[in-house]
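S.K.: Here's a sequence, model it:
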Amino acid sequence: MAAGAIVGDGAWLGELRRELFALLAGVFAQARSRLAAFAYIGALLAEPGERKSCWQLAEQAGHATPRRMQALLAEHRWESKDALRALQRFIVAFLGDPGAFLVLDETAELKKGDQTVGVARQHAGITGQVENCQTVVFAAYVTPRAHALFDFRLYLPRAWFRGRARRRRARVPGWVRFATKPALAAAMVAAAARAGVPFAWVAGDEVYGRSGRLRRACEKAGKGYVLAVPVNFAVRLPPGRRVPVSAMARLVPAAAWETRSCGPGCKGHRDYAWAWAATASPRHWVLIRRRPGDLPDLAFFYCHVPRGRPVTLTILVRAAGKRWPVEECHQQGKGQAGLDQHQVRTWHSFHRHTVLSMCAQALLAVAAARPAPGDARSGGSPGQPAAWRDTGKLPASAADPPPGDDPGLVKVSVPEARRLARLASATISRATRELGCAWSRWRRRHQARARWHHYHARLRQPHRSPVLQPRYLPAVELEANGERRQDCDGEDQQGEAYGPAAAGCRRRLACRVRCGHGVHASRTGRVASGTAGAGLRRTR
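M.R.: The predicted model follows:
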């Protein structure tokens, strides 16, 4: 049985590799470049060490010297853009989904010197402080089945445009101009839309949410977006007044908060309290998220849904939860495919290494993808071994007993797929190969058992009602007709209107009085907006 599983693993990975290499073959005019590129990708997947420079990759590929790998990155004539388009066709062919997400995020690659293209003292998200690093903006293609890095742009700080000598030394093309990270992200969204890539949503953090250029690019392409925004991000309410999103949280009635999961995690469902508010635009909303019971921990998302597409709280919450896979793509690219382990300095060499590393990461992501819905094959995706799928058990209630000796197996992850690829291709004895496969099954079974207990612990936790605590509500001033107005007098009571202007309101629910009757929740669940209201809505 073990021998048959090993053969199946090798056949599936070999099939995917042939598909990818067939798409990449047309990029290279010379056979030496094509064979060197294929060897480069294979060595990225097979090299066990943490460093994957041309020396280690050439040794892994069986070359006598690193010269062929170095020439591939620095001298051979081939376009990294063409290779990137071939990779995108490979990803769409196996993972294409009209409802997919294009998730934007940047990652930093720490450097010691100042000669590598794009290196400067700048903020590095991986450390949370200013570092000497490169910053690369990535777009990940995220579907329910899998996610992979799809496009990228190297960010050149302003310091690189204070003179031409530094750019000339790094061989930066003359057409390159300074562009902010959101501008680079907008260019990737527009390029994907022009190429006909199937996706429906764009997601990103606050760096991209505050960019009007990016939002306009998404709307022009007919794509929806759920972008995180800072607390001082201003929106226009139905009455025409502009207020920060932090002030809108105070307009949300207590009953309008709903606890929803934005997706499953390794330790259970990611449950948060959510509320959404309408703006002056009929196609834009503000989504507010907070941890149940922790009012100060608020997150805000500015959302757009194109005309003709339905919009519900469930759809927006699901879209907000799709922002995190890009972080996993960065981890996989750096840990499994050597994304940040290059030793190149020039523009073209950097782009070539990055594309080839993305090819290696996408190969593993597609290999480990979940079965397509409605797939009649027992093994999931065509050719994928049946043993790779998720058979792990999950508790249905807090009273469920432990799974016993057979908790099932979690699906093959990207790191596990890389281990299986090495086992299938390495020149080792049959006993060593079978031992490696046995360890793979043990890890997946152990992870399935741990996942069951994590989910069971979540089910045993008491439900925390997402009720606003009045003592945490600071006074917020809003501008109206050129005057600054504060909350009216009165004591804040849960579920009660307060202030003299709301004394006669019958349909009141956590009514906020500004300069009128504020916001009221009707019995149908639709929240009406008064003079200072935000058109808040809640689903039934």
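
S.K.: Could you report the neighbour count for residue 246?
M.R.: Using other Cβ atoms under 10 Å, residue 246 is surrounded by 16 other residues. (C-beta placed from N, C-alpha, C; glycine too.)

S.K.: residues touching it, list them.
M.R.: Contact partners of residue 246, counting by Cβ atoms under 8 Å, 6 or more residues apart in numbering, are 231, 232, 298, 300, 476.

S.K.: Let me know the secondary structure of it.
M.R.: Secondary structure, DSSP: H, G, I helix; E, B strand; the rest coil: residue 246 is helix.

S.K.: Now do it against residue 252, distance only.
M.R.: 12 Å (Cβ to Cβ, to the nearest Å).

S.K.: ditto for residue 307
M.R.: Counting by Cβ to Cβ - residue 307 and residue 252 are separated by 26 Å.

S.K.: and what of residue 175?
M.R.: Distance from residue 175 to residue 252, by Cβ to Cβ: 48 Å.

S.K.: Same drill for the two, tell me which one is more crowded.
M.R.: Ranked by neighbour count (other Cβ under 10 Å), residue 175 and residue 252 place residue 252 first, with 25 against 5.

S.K.: Quick check: closest non-adjacent residue to residue 67.
M.R.: residue 58 (7.8 Å; Cβ to Cβ, 6 or more residues apart in numbering).

S.K.: Helices of the stretch 201-350 of the chain, residue ranges please.
M.R.: Using DSSP state H, counting those that start in this stretch, the helices of the stretch 201-350 of the chain run over 206-209, 212-220, 245-248, 313-320, 325-336, 347-367.

S.K.: Which one of those helices lies nearest to residue 161?
M.R.: helix 347-367 (14.0 Å; Cβ to Cβ).

S.K.: returning to what we had before: look at the residue nearest to residue 67 and give its secondary structure.
M.R.: helix.

S.K.: Can you get me a residue count around it?
M.R.: So residue 58, with other Cβ under 10 Å, has 21 neighbours.

S.K.: For residue 109, which three-state class applies?
M.R.: Going by three-state DSSP: residue 109 is strand.

S.K.: likewise residue 403?
M.R.: Strictly by three-state DSSP, residue 403 counts as coil.

S.K.: Which pLDDT does the model give it?
M.R.: Residue 403 is assigned a pLDDT of 87 by the prediction.

S.K.: Distance-wise, check the most centrally placed residue in the chain relative to residue 149.
M.R.: For the chain, the residue nearest the mean C-alpha position is residue 326 (3.1 Å; Cα atoms, centre = their mean). Relative to residue 149, residue 326 is positioned 8 Å away (criterion: Cβ to Cβ).

S.K.: Could you do residue 158 as well?
M.R.: If you go by Cβ to Cβ, the gap between residue 158 and residue 149 works out to 26 Å.

S.K.: Tell me which of the two has more neighbours.
M.R.: Higher neighbour count among residue 158 and residue 149: residue 149, with 28 against 10, using other Cβ under 10 Å.

S.K.: Sheet-wise, list the partners of the helix or strand hosting that one with their directions.
M.R.: Element membership for residue 149 (DSSP states H and E) is strand 147-155. Here strand 147-155 is paired, per DSSP bridges, with strand 129-142 (antiparallel).

S.K.: and the angle for the partner strand with helix 325-336?
M.R.: Here the directions of strand 129-142 and helix 325-336 differ by 110 degrees (axes from the mean of the first three to the mean of the last three Cα atoms, to 10 degrees).

S.K.: Pull out the buried residues from strand 129-142.
M.R.: By 16 or more other Cβ atoms under 10 Å, the buried positions in strand 129-142 come out as 131, 132, 133, 134, 135, 136, 137, 138, 139, 140, 141, 142.

S.K.: same thing with stretch 189-207?
M.R.: 189, 192-193, 197, 199-207.

S.K.: mind checking the end-to-end distance for stretch 424-431?
M.R.: 13 Å (Cα to Cα, to the nearest Å).

S.K.: and if you look at stretch 139-147?
M.R.: End to end - Cα to Cα - stretch 139-147 spans 10 Å.

S.K.: tell me the mean pLDDT for that stretch?
M.R.: Per-residue scores along stretch 139-147 average to 94.

S.K.: Name the surrounding residues that touch that stretch.
M.R.: 91-92, 95, 97, 99-105, 148-152, 185, 188-189, 192, 197, 199, 203, 322, 325-326, 328-329, 365-366, 368-372.

S.K.: Return the distance of that stretch from the chain's centre.
M.R.: The chain centroid and the centroid of stretch 139-147 are separated by 8 Å, computed with Cα atoms, centre = their mean, to the nearest Å.

S.K.: likewise stretch 169-183?
M.R.: 25 Å.

S.K.: buried ones in that stretch?
M.R.: 170, 172, 181, 182, 183.

S.K.: Repeat that for stretch 57-68.
M.R.: Buried residues in stretch 57-68 (16+ other Cβ under 10 Å): 57, 58, 60, 61, 63, 66, 68.

S.K.: now do stretch 309-324
M.R.: 311, 313, 315, 316, 317, 318, 319, 320, 321, 322, 323, 324.

S.K.: what's residue 428 in contact with, if anything?
M.R.: Contacts of residue 428 by Cβ under 8 Å, 6+ apart: none found.

S.K.: okay, it: pLDDT?
M.R.: 83.

S.K.: try the one 5 residues further on
M.R.: Among the per-residue scores, residue 433 shows a pLDDT of 87.

S.K.: Equivalent analysis for residue 478, please.
M.R.: Confidence score, pLDDT, at residue 478: 33.

S.K.: gap between residue 79 and residue 360?
M.R.: Distance of residue 79 to residue 360, given as Cβ to Cβ: 19 Å.

S.K.: Have a look at those two and say which one is more surrounded.
M.R.: Taking neighbours as other Cβ under 10 Å, residue 79 and residue 360 compare with residue 360 leading, 26 against 14.

S.K.: what residues are up against the more buried one?
M.R.: Contacts of residue 360 (Cβ under 8 Å, 6+ apart): 41, 44, 45, 336, 337, 338.

S.K.: Domain parsing of the chain, as residue ranges.
M.R.: Following automatic domain parsing, one gets these domains for the chain: 17-27+79-222+323-385, 390-474.

S.K.: so which of those domains is the most packed in?
M.R.: Of all the domains of the chain, domain 17-27+79-222+323-385 carries the top mean neighbour count, a mean of 19, counting by mean count of other Cβ atoms under 10 Å.

S.K.: What's the separation between residue 224 and residue 175?
M.R.: Distance from residue 224 to residue 175, by Cβ to Cβ: 32 Å.

S.K.: likewise residue 186?
M.R.: 18 Å.

S.K.: what do you get for residue 68?
M.R.: 30 Å.

S.K.: ok, so of the contacts of residue 360, who is nearest residue 10?
M.R.: residue 45 (12.8 Å).

S.K.: Mind putting the helices of the stretch 201-350 of the chain into TSV with mean pLDDT and distance to residue 409?
M.R.: Below are the helices of the stretch 201-350 of the chain laid out as TSV (pLDDT from 0 to 100; distance: least, Cβ to Cβ, whole Å):
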stretch	mean pLDDT	distance to residue 409
helix 206-209	93	37
helix 212-220	95	39
helix 245-248	89	43
helix 313-320	90	27
helix 325-336	91	20
helix 347-367	95	16
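
S.K.: For residue 283, find the nearest of the ones you listed.
M.R.: Closest among the helices of the stretch 201-350 of the chain, using Cβ to Cβ: helix 212-220, at 8.4 Å.

S.K.: what does that closest one rub up against?
M.R.: So helix 212-220 is in contact with 104, 182-183, 185-186, 189-190, 202, 204, 208, 224-225, 227, 302, 304, 306, going by Cβ under 8 Å, 6+ apart.

S.K.: of all the residues you listed, which two lie farthest apart?
M.R.: So, these by Cβ to Cβ: farthest apart are 183 and 306, at 22.2 Å.
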